[in-house]
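Visitor: Model the following, please.
(one chain, ligands or ions: 2)
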Amino acid sequence: MALLDILHFPDKRLRRQARPVEEVNEDIRQLVRDMFETMYDAPGIGLAAIQVNVPQRVIVVDVSEDKSRPLVLINPEITNLGGVESMDEGCLSVPGVFEKVERADRITVKALNSQGVEFATDADGLLAVCIQHEIDHLDGKLFIDYLSELKRHRIRKKLSKRARAEVQSGSGSRRVI
Ligand code: K1U
Ligand code: ZN
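Guide: Numbering: from 1, shown residues only. Ligands and ions are numbered 1, 2, ... in the order given. Okay, here's the model as predicted:
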């Protein structure tokens, strides 16, 4: 297994449209394993392949506290949504920023699992929010796109300043763009 580098806003590669997986093969299963390792290490509760510079429609999620509910969604599609929820969101590609975003509170999502078998599942609360956040990544969208231009500008400045400081102090890690 391997820890993968996570792209950071404003990296343009985060804005690509991810393409559907044509065949769920061993390469995809290895990608999924590496994505879980990277997500748990971060730590995070979700990760989209585009965030690790793989523009394919693969996401992993685990909103449990003890890593007990890993969920793999390949070529996910939301088939039903309802309710509205406003929740604080974060993003491993926009580190240190947490802002409220309004999303559907209940969803049904269909996808392929790691064996290439189609399934559908209902989700609500944090799981529903996290899946919508990750599917947005596959379409080149970030949660900060739901904020005002002013807030986004401030976030861009804050992250650039932090990246510069890390480079100057030599504390930059693999997570710095
Ligand atoms: O997509 C990502 O970058 C992952 C992101 C997912 C997410 C978080 C909150 C709301 C919607 C989607 C994160 O995991 S950010 C880190 C985080 O929220 C967290 C980390 C450790 C424990 C609990 C939460
Ligand atoms: Zn994110």
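Visitor: Can you get me a residue count around the one residue in the chain that gets nearest to ligand 1?
Guide: Proximity of the chain to ligand 1 (Cβ to the nearest ligand atom) peaks at residue 44, 3.0 Å away. Just so you know, the C-beta spots here come from the backbone N, C-alpha and C atoms, and that holds for glycine as well. For residue 44, the count of nearby residues is 19 (other Cβ atoms under 10 Å).
Visitor: any idea what sits nearest it, other than its immediate chain neighbours?
Guide: residue 92 (4.9 Å; Cβ to Cβ, 6 or more residues apart in numbering).
Visitor: my guess is the one you found meets residue 6, correct?
Guide: Yes. Counting by Cβ atoms under 8 Å, residue 6 is a contact partner of residue 92 at 5.2 Å.
Visitor: so what sits against both of these two?
Guide: Here residue 92 and residue 6 have 42, 47, 51 as joint contacts, going by Cβ atoms under 8 Å, 6 or more residues apart in numbering.
Visitor: Quick check: the gap between residue 24 and residue 54.
Guide: Going from residue 24 to residue 54 by Cβ to Cβ, to the nearest Å gives 14 Å.
Visitor: These two: which is more packed in?
Guide: residue 24 (19 against 15).
Visitor: Spatially, what comes nearest to the more buried one if we skip its sequence neighbours?
Guide: residue 116 (3.5 Å).
Visitor: Who are the contact partners of the one you found?
Guide: Going by Cβ under 8 Å, 6+ apart, residue 116 touches 23-24, 74.
Visitor: show me where the protein has helices.
Guide: Assigned by DSSP state H, the helices in the chain fall at 26-41, 125-138, 149-169.
Visitor: all strands of the protein, in order?
Guide: 46-48, 58-61, 71-82, 85-89, 99-103, 106-112, 118-124 (DSSP state E).
Visitor: Give the pairing partners of the last one; include direction for each.
Guide: Each strand that strand 118-124 pairs with, and the sense of that pairing, follows from DSSP bridges: strand 106-112 (antiparallel).
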